[in-house]
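Undergrad: Based on what follows, work out the 3D shape:
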Amino acid sequence: QVQLVESGGGLVQAGGSLRLSCAASGRGIRVYAMGWFRQAPGKEREFVAAIGWSGSIPRYADFVKGRFTISRDNAKNTVYLQMNSLSPEDTAVYYCAADSSSTGSWGPQGYGIDYWGKGTLVTVSA
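TA: Predicted coordinates:
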């Protein structure tokens, strides 16, 4: 069993930055691909970014390219999402995800993902 615990959400003004963290625990977590999805009020959950177990070849949704950076520290079993140039459209609950499949197979809504965190709320004010 794998547990994922997110932190780092909060309220920030447009143009600001936040760094989300996801601490993972459980057997074999270091070989899992990890990533982030988000769900805004009234909208479907959507893919944000993901990174393979080795930290190579991260994937990003088009709407965050150049603004968000995903990274992982396997020594700490933690994945990070550095979010810069935030806009009110980025307001959502951000969920950490872990899956045994490669990031290339992750669908846009994350159906079939093995493990989820409970989410952390990011609110960006205008």
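
Undergrad: From A92, how far off is A98?
TA: Computed as Cβ to Cβ, to the nearest Å, the A98 to A92 distance reads 19 Å. Where you see a C-beta, it was placed from the backbone N, CA and C, and this is true even at glycine.

Undergrad: Just list whatever residues bridge to the most centrally placed residue in the chain.
TA: Of all residues in the chain, the one closest to the mean position by Cα atoms, centre = their mean is W36, 2.0 Å from it. With DSSP bridges as the criterion, W36 is bridged to A49, C96.

Undergrad: which residues touch it?
TA: 20, 22, 48-50, 70, 79, 81, 94-97 (Cβ atoms under 8 Å, 6 or more residues apart in numbering).

Undergrad: can you put those in JSON lines and add pLDDT and distance to G8?
TA: Below are those laid out as JSON lines (pLDDT from 0 to 100; distance: Cβ to Cβ, whole Å):
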{"residue": "L20", "pLDDT": "98", "distance to G8": "4"}
{"residue": "C22", "pLDDT": "97", "distance to G8": "9"}
{"residue": "V48", "pLDDT": "98", "distance to G8": "14"}
{"residue": "A49", "pLDDT": "97", "distance to G8": "14"}
{"residue": "A50", "pLDDT": "96", "distance to G8": "17"}
{"residue": "I70", "pLDDT": "97", "distance to G8": "13"}
{"residue": "V79", "pLDDT": "96", "distance to G8": "11"}
{"residue": "L81", "pLDDT": "98", "distance to G8": "8"}
{"residue": "Y94", "pLDDT": "98", "distance to G8": "9"}
{"residue": "Y95", "pLDDT": "98", "distance to G8": "13"}
{"residue": "C96", "pLDDT": "98", "distance to G8": "11"}
{"residue": "A97", "pLDDT": "97", "distance to G8": "16"}
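
Undergrad: Buried ones among these?
TA: Among the contacts of W36, those buried by neighbour count (16 or more other Cβ atoms under 10 Å) are 20, 22, 48-50, 70, 79, 81, 94-97.
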